[in-house]
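Colleague: the amino acid sequence is not available; the structure is as follows:
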């Protein structure tokens, strides 16, 4: 080999030796989670702009995220939630199908995970929302809907979040009660309404519920008395009526709202009604994130931002109103024997899609035979002529020849099945 060839070979060997070695394989980045439970109830009303998102952490560490805010809140929540969680979420509740309440759902689930998702199953939900639920179900999250207990259909559904902590679903109550009708706000008036209770303290979450919903609850003597009110519909004038405030008897309220929003919320009329009722209002556009801590006897409210000149260690303490019994009647109907509340680990009973508008067909005395229809994102299966079956979106429809096939796929029979 000539000297020239030797020199060229040496150069190539040198260059090869100087190349960076391939990077070592890296393990998947670990998710950071917060401190373990401290024996108190915590609620965080996040500052997500014009939208809603609140995290409940029970004294024993059970977690519920109520709404996920708009899509623009995704970056904030995927960073904030891991600071507060010690494990994936037990439950996510979407109060209704509006983007400012579910826009950040996918990034949140990807970041922290969840075991179950509850949503109101409303008939006029946008197609994009149904597609979102399908995607969520495919990620392994169980999609459930609010429904009264099957054993006590006149009682509200209660979810136990540990010893002495309950999350009660006050509305909607399909299939036991028909959804409320509204010409321009059918989704809002049927928002999921929740009452969180711990000892002598309680918090009422109103979603985007309007005056029509409040009037309906008052007429049925539903227990709404609460220490703190999460104001409905971001403080718009169509909600938070004076009679409702009087019944709730809250000492403070949180309004989740974005600065300079196009709806001009909260409305001056709403703020005046809160003031007249002696309710101290906290606003996320002014006060930032609002945190609550309860020891079962009193609620301590800590806003992120305090007025100028206010000491930095300022806290607002609200004495509890005493334990309020859950109602033993609904719409004047007596209850059967009271059943123990299911733990959050158990899936609450799920109503059929048709519960949105109509009851299932009555039995004709003949045993149902296949085929049967079910949804990929629901638990129940139905006869093809059941109105619930007609409500299943085509993309989610699954047809089974026999009961055995449906139940092998973890579906359970609806009332239309004999």
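Modeller: Received, thanks. This one's a predicted model, so the numbers in the text were calculated from it and none came from an experiment.
Colleague: what about the strands in the stretch 101-250 of the chain?
Modeller: Ranges of strands in the stretch 101-250 of the chain, per DSSP state E, counting those that start in this stretch, are 114-118, 142-144, 157-160, 165-171, 193-198, 201-205, 228-230.
Colleague: and the fourth one, how far out from the chain's middle?
Modeller: Relative to the mean C-alpha coordinate of its chain, strand 165-171 is positioned 12 Å out (C-alpha atoms, centre = their mean, to the nearest Å).
Colleague: for residue 85, give me its contacts.
Modeller: Contacts of residue 85 were listed using C-beta atoms under 8 Å, 6 or more residues apart in numbering, and they are 33, 34, 57, 63, 112. All C-beta atoms are positioned from the backbone trio N, CA, C, and that covers glycine.
Colleague: 6 Å instead?
Modeller: 33, 34, 112 (C-beta atoms under 6 Å, 6 or more residues apart in numbering).
Colleague: residue 274 too?
Modeller: Contact partners of residue 274, counting by C-beta under 6 Å, 6+ apart, are 253, 281.
Colleague: beta partners of the closest residue to residue 146 other than its chain neighbours?
Modeller: Leaving aside its chain neighbours, residue 146 sits nearest to residue 169 (4.5 Å; criterion: C-beta to C-beta, 6 or more residues apart in numbering). Under DSSP bridges, the beta-bridge partners of residue 169 are residue 157, residue 194.
Colleague: residues near residue 275, how many?
Modeller: Residue 275 is flanked by 11 other residues according to other C-beta atoms under 10 Å.
Colleague: with residue 222 instead?
Modeller: 22.
Colleague: the one 4 residues further on now?
Modeller: Residues near residue 226, counting by other C-beta under 10 Å, number 25.
Colleague: so it touches residue 204, yeah?
Modeller: Yes. Using C-beta atoms under 6 Å, residue 226 is in contact with residue 204, at 3.9 Å.
Colleague: show me which of the contacts of residue 85 are buried.
Modeller: Burial by neighbour count, judged by 16 or more other C-beta atoms under 10 Å, picks out residue 112 from the contacts of residue 85.
Colleague: just the strands in the stretch 301-418 of the chain please.
Modeller: Under DSSP E, counting those that start in this stretch, the stretch 301-418 of the chain gives strands at 316-319, 329-330, 333-334, 372-375, 380-382, 397-400, 412-413.
Colleague: quick one: mean pLDDT for the last one?
Modeller: pLDDT averaged over strand 412-413 equals 82, rounded to a whole number.
Colleague: identify the residues contacting that strand?
Modeller: By C-beta under 6 Å, 6+ apart, strand 412-413 touches 379, 380.
Colleague: residue nearest the centroid of the protein?
Modeller: Closest to where the C-alpha atoms of the chain average out (C-alpha atoms, centre = their mean) is residue 93, at 1.4 Å.
Colleague: so that one is in contact with residue 118, correct?
Modeller: Yes. Contact criterion C-beta under 6 Å: residue 93 and residue 118 qualify, at 4.7 Å.
Colleague: to residue 321, which of the strands of the stretch 101-250 of the chain lies closest?
Modeller: Comparing the strands of the stretch 101-250 of the chain against residue 321 with C-beta to C-beta, the closest turns out to be strand 201-205 (7.4 Å).
Colleague: strands paired with the closest one, and their directions?
Modeller: Using DSSP bridges, the strands paired with strand 201-205 are strand 193-198 (antiparallel), strand 228-230 (parallel).
Colleague: can I get these in JSON lines with mean pLDDT, mean neighbour count and distance to residue 286?
Modeller: Below are these laid out as JSON lines (pLDDT from 0 to 100; neighbours: other C-beta atoms under 10 Å; distance: least, C-beta to C-beta, whole Å):
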{"stretch": "strand 193-198", "mean pLDDT": "97", "mean neighbour count": "26", "distance to residue 286": "24"}
{"stretch": "strand 228-230", "mean pLDDT": "98", "mean neighbour count": "26", "distance to residue 286": "16"}
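Colleague: turn the strands of the stretch 101-250 of the chain into a markdown table, columns for distance to residue 78.
Modeller: Shown next, in a markdown table, are these (distance: least, C-beta to C-beta, whole Å):
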| stretch | distance to residue 78 |
| --- | --- |
| strand 114-118 | 13 |
| strand 142-144 | 21 |
| strand 157-160 | 25 |
| strand 165-171 | 24 |
| strand 193-198 | 24 |
| strand 201-205 | 22 |
| strand 228-230 | 23 |
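Colleague: ok, which stretches of the stretch 101-250 of the chain are helices?
Modeller: With DSSP state H, counting those that start in this stretch, the ranges of helices along the stretch 101-250 of the chain come out as 105-112, 127-138, 186-189, 211-219, 242-248.
Colleague: ranking these by burial, who's on top?
Modeller: Counting by mean count of other C-beta atoms under 10 Å, helix 186-189 has the highest mean neighbour count of the helices of the stretch 101-250 of the chain, with a mean of 22.
Colleague: contacts for that helix?
Modeller: Helix 186-189 is contacted by residues 96, 97, 122, 124, 180, 182, 208, 210, 212, 213 when judged by C-beta under 6 Å, 6+ apart.
Colleague: of those residues, which pair is most distant in space?
Modeller: Of all pairs in the contacts of helix 186-189, the most separated under C-beta to C-beta is 97 and 212 at 17.9 Å.
Colleague: and the end-to-end length of stretch 196-211?
Modeller: 21 Å (C-alpha to C-alpha, to the nearest Å).
Colleague: ok, stretch 203-223 next?
Modeller: Between the opening and closing residues of stretch 203-223 there is a gap of 12 Å (C-alpha to C-alpha).
Colleague: same question, stretch 59-75
Modeller: End-to-end for stretch 59-75, by C-alpha to C-alpha: 27 Å.
Colleague: just stretch 313-321 next, same as before
Modeller: 25 Å.
Colleague: give me the residues contacting it.
Modeller: So stretch 313-321 is contacted by 200, 201, 227, 251, 252, 297, 298, 299, 300, 301, 302, 306 (C-beta under 6 Å, 6+ apart).
Colleague: tell me the pLDDT of the last one.
Modeller: The one in question is residue 306. The model reports residue 306 with a pLDDT of 91.
Colleague: so what's it closest to, chain neighbours aside?
Modeller: Residue 306's closest residue in space is residue 314 (C-beta to C-beta, 6+ apart), at 5.7 Å.
Colleague: flag the shaky bits of the protein, pLDDT-wise.
Modeller: Applying pLDDT under 70 to the chain flags the ranges 1-32, 324-367, 377-378, 387-388, 390-391, 393-396, 415.
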